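Undergrad: Okay, here's the prediction I keep looking at, along with the sequence it came from:
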There are 2 protein chains.
Amino acid sequence: MNMDNVFSYLPFKRFDLKVNSMNVKAIFDPQSVVLIGSSTIREKVGMASPQLFRSVTHNMKKFFHGKVYVLDIDEKAKHNSLSKMRRIPELAVIMLPSTLSLSQAEQCAKIGVKALVMITGGYKNHQREHLLKLREEYGIRVLGPNTIMGVINTTNGLNTTFESDIMPKKGSIAVISQSGGVGACILDWAYFYGVGISKFAFVGDKIDVDDVELLHYLRKDKDTKVICLYMEGIKDGRRFIEEAKKTVKKKPIVALKGGITQESAHRAKSHTASIAGSDAIFDAAFKKAGIIRVENIEELMDAAIALSKQPPMHGDNVAIVSNVGGPAILAADAIVKNNLKLATLLEKTRTKIERLYPGVDAANPIDMIADARAERYAKVLELVLADKNVDGVLVINMLKSCFFEPNDAKVLPKVAAKYPSKPIVDVPAGGQDFELVYNVLSNTRIPLYDLPEKAAKALKVLRAYAKIIEK
Amino acid sequence: MNMDNVFSYLPFKRFDLKVNSMNVKAIFDPQSVVLIGSSTIREKVGMASPQLFRSVTHNMKKFFHGKVYVLDIDEKAKHNSLSKMRRIPELAVIMLPSTLSLSQAEQCAKIGVKALVMITGGYKNHQREHLLKLREEYGIRVLGPNTIMGVINTTNGLNTTFESDIMPKKGSIAVISQSGGVGACILDWAYFYGVGISKFAFVGDKIDVDDVELLHYLRKDKDTKVICLYMEGIKDGRRFIEEAKKTVKKKPIVALKGGITQESAHRAKSHTASIAGSDAIFDAAFKKAGIIRVENIEELMDAAIALSKQPPMHGDNVAIVSNVGGPAILAADAIVKNNLKLATLLEKTRTKIERLYPGVDAANPIDMIADARAERYAKVLELVLADKNVDGVLVINMLKSCFFEPNDAKVLPKVAAKYPSKPIVDVPAGGQDFELVYNVLSNTRIPLYDLPEKAAKALKVLRAYAKIIEK
């Protein structure tokens, strides 16, 4: 028995954050996991079902690098067979109707399981209190209940979600979602678009492990560079702000808040039992904490991708380098709308570009004309990055209506690497064009957006993070 | 020789709009087309090139249902062989450097070609004036110059773009784009996401055929239900507003305006030789004309899809029917942000739903819980649509974290068909989830969006159009 286990029998109140975090670690990084569900019980309206149990088991067996135990419970089961195990699993994932889940949780706590991931919802208040008592009495940590999806760790293959065979690409973005549905949407988005993920935590009703502790854990997690939050409510605003403040000094936090209107706040309350609070209060709290706020899931992913791949932008001045006129104009509009500025290029930069490419008007936004290929992109981008009036660059390279070929895009990371302190974002605008260039650049440090307006927002986020860390 | 041709020799000033439109018709609906380019000439910086000529020829031969002639011009060519043709082509597509293009245009005008699509740019003012003189003297109509992509008509296969093999799906959305790049991006978007298109017109410098005439033409085009505009500037604001006013009574117009900031307006001027004017003036003009304004290309497509598939929304009250809580809360937030209202359901509607599905809280937004399948969707959606307090419905059906299967979505158009005056939009939120449901519903009248916020904006557009036609 290691130190964790010794401590996990001590009553809750003596725990300090350090010890707490050791058991929080068991949620993401257990050596062994027991899955407790049922192949016979199905809730009438609710998640507990043989299908759910089967899928979680399938995923864990397929992806998880550690040991997996499976306990199939039936309606009459009073006890499980955990106590007979030679090795006590560190983590239990429980996916039964609430009453049965509770009795299983209690048995896990008693034998020294370190942490619980409670998948199913529908808990009454006294049941939530019961879970909290286990937490106090045995030190067992609880994620949930009502997490729906539980937890993912792309490093060790832990995946308690029930989407068969869905595992996001390994990367440096961590996600904490209070909602299973929003979390699932983010997971689907990340999986589909190949966004690199380090950890997912679906916190649900967060009666025990909450955003504060997860921030604390993720701040120290070497696999995580950016933290994404979806939240509907928060228990202890002051602690949250303090923890976030410490975190953003090391890595950025991007947050999406649900339940910002009176009507939806009412729903949020019944949804995850959280008191949503006024939107203005959250906005102020996010600002105070240095958290970057976004408006929807796509913006959350877009921001996280930019922050995970590019440096902060230490000034407002953006140059636009494009092979098409109209989209460059839309980009310029978006830059200004996002409170950034169109860089005024040095005279010598303009002159050099115009001498190299007669016919090109090198006033920012620079329209290099539709026949620009790799060589023109490389030369112009390098001149623009070298310009001291430029803090960041928005590149547009369309294929349609242009002569640009997907492989031409390979010059972008090469040139960018020479100017590591100036962010670059790229826009192969459209549908197929985006996909073709994405296939070439997705594993580089150049973030890609399918419209100029999204890239401008990404630069806004990189500017915002610079201001946060400059404080 | 038909009437069109007789008139086309009369001087410009005697033309009335009716006659003009007859030759505008030749741009979209010619019996025969001549492609005039070169397999040897390549501009140093510019579009004219053997590659462009080859691709346009390829597309026209592949897609166009009418007769295609090809003229390959070399540097020394003073005359083309058009005058020797037995049948005069109705439309000429010219894609040479400006000086050569002009001499070819003149010969086309002289032999009675009805319309020109001028692909290439780089025209000087006196060259533009030369083109206008041809127009005045011979009645020949000019699209462009600097259209880059020219024109597409999905009904007769006319496609003068140089993206080999790219033809959008036939549908009811027409697009007029002042920018080749933005037009190409819209084309790519439409092609990639299977958006149904009737006509594309890339108007470029619009020295002759402009938005006003195209609106006039498209208003009467039976294949077109919705008109999308990308514009940077306008020549005759008053005529444009008058024409738009007439048009929106019959079909909606959605507009994206480029060059809204001082800096980008400067670029718009050099880009398509248009005087952009202040953004506020455009905003007022759009409002006066009953044009729905959007912020980017995705919103343009999203709005057009909604308007082409669903009725206008004759009230503010939206019901949200979902199988997930969090995304429903985000949808509710977005509904309110877009100045719509969350419908207050009738007591009897709530009671019926809650009696049918114990555990479901039927306060709007309705979270039907993650195990909702086709049957629950059908029953709840029908009850909600029948509720007189509901003017439109935003449906969310996620697959991930839920038991919903793609084919379950088939109930949506079935139920919707019973309530043809109330709009419905659907959100299979995420990446793969969206794609899976899209494969089932893309050919129905249900518009699909990958995030709740986009669907809320679509409803806002349907509400806006109802207000426009109610005027």
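TA: Received, thanks.

Undergrad: hey, let's count contacts and neighbours off CA atoms from now on
TA: Noted.

Undergrad: remind me which residues of chain A are low pLDDT?
TA: The model of chain A has pLDDT under 70 over residues A:1-22, A:45, A:77-80, A:262-277.

Undergrad: try it again with 50
TA: Across chain A, the ranges flagged by pLDDT under 50 are A:1-19, A:275-276.

Undergrad: Show me how the record splits it into domains.
TA: A:1-146, A:168-309, A:311-470 (automatic domain parsing).

Undergrad: Make a markdown table from these and add distance to chain B and mean neighbour count to it.
TA: Converted to a markdown table, the domains of chain A look like this (distance: least, Cα to the nearest Cα, whole Å; neighbours: other Cα atoms under 10 Å in any protein chain shown):
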| stretch | distance to chain B | mean neighbour count |
| --- | --- | --- |
| domain A:1-146 | 6 | 19 |
| domain A:168-309 | 5 | 22 |
| domain A:311-470 | 5 | 21 |
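
Undergrad: Now do the strands in the stretch 1-150 of chain A.
TA: Counting by DSSP state E, counting those that start in this stretch, the stretch 1-150 of chain A has strands at residues A:32-37, A:67-72, A:91-94, A:115-118, A:141-143.

Undergrad: Then the stretch 301-450 of chain A?
TA: Under DSSP E, counting those that start in this stretch, the stretch 301-450 of chain A gives strands at A:317-322, A:341-342, A:366-367, A:392-396, A:424-427.

Undergrad: helix or strand for the residue nearest the centre of chain A, which one?
TA: With distances taken as Cα atoms, centre = their mean, A:V175 lies nearest the centre of chain A, 3.1 Å away. Assessed by DSSP states H and E, A:V175 sits inside strand A:170-177.

Undergrad: Test my guess that A:M47 contacts A:T120.
TA: Yes. Taking Cα atoms under 8 Å as the definition, A:M47 is a contact partner of A:T120 at 6.0 Å.

Undergrad: what residues are shared contacts of those two?
TA: Counting by Cα atoms under 8 Å, 6 or more residues apart in numbering or on different chains, the contacts common to A:M47 and A:T120 are A:I148.

Undergrad: Ignoring the adjacent residues along the chain, who's closest to A:R54?
TA: Closest residue in space to A:R54, ignoring its immediate chain neighbours: A:S39 at 7.5 Å, by Cα to Cα, 6 or more residues apart in numbering or on different chains.

Undergrad: close enough to count as contact, that neighbour and A:F53?
TA: Yes. Using Cα under 8 Å, A:S39 is in contact with A:F53, at 6.8 Å.

Undergrad: Redo the strands of the stretch 1-150 of chain A as CSV? Include distance to A:G181.
TA: Shown next, in CSV, are the strands of the stretch 1-150 of chain A (distance: least, Cα to Cα, whole Å):
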stretch, distance to A:G181
strand A:32-37, 21
strand A:67-72, 26
strand A:91-94, 19
strand A:115-118, 16
strand A:141-143, 16
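
Undergrad: quick one, phi/psi of A:K467?
TA: phi -60, psi -40 (degrees, to the nearest 10).

Undergrad: any idea how far B:E163 is from it?
TA: Per Cα to Cα, to the nearest Å, A:K467 is found 43 Å from B:E163.

Undergrad: A:M398 now?
TA: Noted for A:M398: a distance of 12 Å to B:E163, by Cα to Cα.

Undergrad: same question, A:L459
TA: 31 Å.

Undergrad: can you check A:G181 too?
TA: 40 Å.

Undergrad: same question, A:V226
TA: A:V226 is 39 Å from B:E163, where distance means Cα to Cα.

Undergrad: Pop out the phi and psi values for A:L229.
TA: Residue torsions, per degrees, to the nearest 10, at A:L229 are phi -120, psi 130.

Undergrad: Please name the bridge partners of it.
TA: Beta-bridge partners for A:L229, by DSSP bridges, are A:I176, A:A255.

Undergrad: Stretch A:158-166: which residues count as buried?
TA: With burial defined by 16 or more other Cα atoms under 10 Å in any protein chain shown, the residues of stretch A:158-166 counted as buried are A:L158, A:N159, A:T160, A:T161, A:F162, A:E163, A:S164, A:I166.

Undergrad: Among these, which ones lie close to chain B?
TA: The subset of these within reach of chain B, counting by Cα under 8 Å from any Cα of the partner chain, consists of A:T161, A:F162, A:E163.

Undergrad: so what's the first one up against?
TA: Meaning A:T161. Contact analysis of A:T161 by Cα under 8 Å, 6+ apart lists A:S55, A:V56, A:N59, A:I148, A:M149, A:G150, A:V151, A:I152, B:S401.

Undergrad: Okay, and which of the residues you listed map to helices?
TA: A:S55, A:V56, A:N59 (DSSP state H).

Undergrad: can you list the residues you listed in CSV and add distance to B:K309?
TA: Formatted as CSV, the ones in helices among the contacts of A:T161 follow (distance: Cα to Cα, whole Å):
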residue, distance to B:K309
A:S55, 37
A:V56, 39
A:N59, 39
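
Undergrad: and of those, the nearest to B:E242?
TA: A:S55 (60.5 Å; Cα to Cα).

Undergrad: Nearest residue to the closest one in space, please, no chain neighbours.
TA: A:F162 (4.8 Å).

Undergrad: OK, contacts around the one you found?
TA: A:F162 neighbours (Cα under 8 Å, 6+ apart): A:L52, A:F53, A:S55, A:V56, A:N59, A:M149, B:S401.

Undergrad: Dump those residues into JSON lines; add distance to B:A26 as well.
TA: Output for those, formatted as JSON lines (distance: Cα to Cα, whole Å):
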{"residue": "A:L52", "distance to B:A26": "61"}
{"residue": "A:F53", "distance to B:A26": "64"}
{"residue": "A:S55", "distance to B:A26": "60"}
{"residue": "A:V56", "distance to B:A26": "62"}
{"residue": "A:N59", "distance to B:A26": "60"}
{"residue": "A:M149", "distance to B:A26": "59"}
{"residue": "B:S401", "distance to B:A26": "54"}
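
Undergrad: ok, which pair from those is furthest apart?
TA: A:N59 and B:S401 (13.5 Å).
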